[in-house]
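Undergrad: predicted model and sequence below, questions to follow.
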Amino acid sequence: MLLNRIAPGRFQLEGEITIYAATSLKNLLLDALKVSPTTEIDLSRVEELDTAGLQLLLLIKNEARVAGHQLRFIQHSPIVREVFDLCDLAAVFGDPIVILDPANS
């Protein structure tokens with residue numbers, strides 16, 4: 001799992017958000033929230049998301065809210081959309097989920 005800074009206040013997660021990466025990723029994501037009062041995290045390259053990863057995303061979203069910061073998850077990968085839909089959590093996160101048509105990319 002990689003967390004890449006792609007612009008000020010904008011990061012991209014790449015790889016797996018699973019129980020195996022959750023502990024180290026937690027600290028990286030909490031540090032990312034400190035960079036700017038508004039943070040975007042691009043999820044387009046997330047290839048796997050398990051319940052530990054889902055809990056981590058919920059934790060980070062809540063930590064941002066408590067700190068008075070705005071955190072948006074953007075460009076959700078198909079697996080992220082699938083897990084959010086399966087757990088009926090899209091509304092809990094509150095981020096717009098755009099489904100791109102691969103034929104028009």
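TA: Structure received.
Undergrad: use CA for all of it now, contacts and neighbours both
TA: Will do.
Undergrad: distance of the residue nearest to Ala21 when sequence neighbours are not counted relative to Gly94?
TA: Excluding its sequence neighbours, the residue lying closest to Ala21 (C-alpha to C-alpha, 6 or more residues apart in numbering) is Met1, at 6.6 Å. Shown here: Met1 relative to Gly94, a distance of 24 Å by C-alpha to C-alpha, to the nearest Å.
Undergrad: bridging residues for the nearest residue to Pro96 once chain neighbours are set aside?
TA: Nearest in space to Pro96, with sequence neighbours left out and distances taken as C-alpha to C-alpha, 6+ apart, is Ile74 at 7.5 Å. In this entry, Ile74 is beta-bridged to Asp42, by DSSP bridges.
Undergrad: hmm, who's touching the lengthiest helix in the chain?
TA: Secondary structure of the chain per DSSP state H: the longest helix is helix 51-66. With contact meaning C-alpha atoms under 8 Å, 6 or more residues apart in numbering, helix 51-66 is reached by Ile17, Thr18, Ile19, Ala22, Lys26, Leu29, Leu30, Leu33, Gln70, Leu71, Phe93.
Undergrad: quick one: contacts for the closest residue to Gly68 other than its chain neighbours?
TA: Once flanking residues are discounted, Gly68 sits nearest to Pro37: 7.6 Å by C-alpha to C-alpha, 6+ apart. Pro37 makes contact with Gly68, His69, Gln70, according to C-alpha under 8 Å, 6+ apart.
Undergrad: in this structure, which residue is most central in space?
TA: In the chain, the centroid-proximal residue (C-alpha atoms, centre = their mean) is Phe73; its distance is 4.8 Å.
Undergrad: which residues touch Arg45?
TA: Neighbours of Arg45 in contact, by C-alpha under 8 Å, 6+ apart: Gln12, Leu13, Glu14, Gly15, Ser77.
Undergrad: sketch out the low-pLDDT regions of the protein for me.
TA: 98-105 (pLDDT under 70).
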